[in-house]
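**Q** Mind looking at a prediction? Sequence and model below.
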Amino acid sequence: MCKLDEILSEENYFGKSFLIDVFLNSQNRSFSPRSLIDSGSAAHMLIHANLANRVCEELEIQPIFLAKEKLIRGYDEKIFKKIITHKILLNLIIESHKKLTVPMLIADIDHHEVILSKL
């Protein structure tokens, strides 16, 4: 397991949530949203629809349609009102640790631009 996996592992942060600066990048462009790490989430990385739209526009990429729609719970145990139908793939950097082509589900999440779960 790499260091990034350790940072996001359930064993280290079970039931804990906290904010962290991360870098999302692709094609030599980078975004640095303040992100919520939520070790209790259902192993989905989420990106706010507004940020995903900006990322897709600036990187000139298209969201990927999911083979199967998803309805998931948020960090606050509420079920997202909209069914999730798309994702994007980005590189994720936390501190000096990098994970390549991380799938991030596009959702209208409240209060956060990115929610990270265990990998």
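**A** Structure received.

**Q** so which strand or helix has residue 65?
**A** Following DSSP states H and E, one finds residue 65 within strand 64-70.

**Q** right, and residue 89 touches residue 104 too?
**A** Yes. Residue 89 is within contact range of residue 104, at 7.5 Å (criterion: CB atoms under 8 Å). Using the backbone N, CA and C atoms, a C-beta is placed for each residue, glycine as well.

**Q** pLDDT-wise, which helix or strand of this structure ranks last?
**A** Using mean pLDDT, DSSP states H and E, helix 10-13 stands out as the lowest-scoring helix or strand of the chain, at a mean of 49.

**Q** just how off-centre is stretch 99-106 within its chain?
**A** The chain centre lies 6 Å from the centre of stretch 99-106; the measure is CA atoms, centre = their mean, to the nearest Å.

**Q** Run through who's touching the top helix by length along the chain.
**A** Longest helix in the chain, counting residues (DSSP state H): helix 49-59. Contact with helix 49-59 is made by 24, 26-27, 29, 31, 33, 47, 61-63, 86, 88, 90, 104, 106-108, 113-114, as judged by CB atoms under 8 Å, 6 or more residues apart in numbering.
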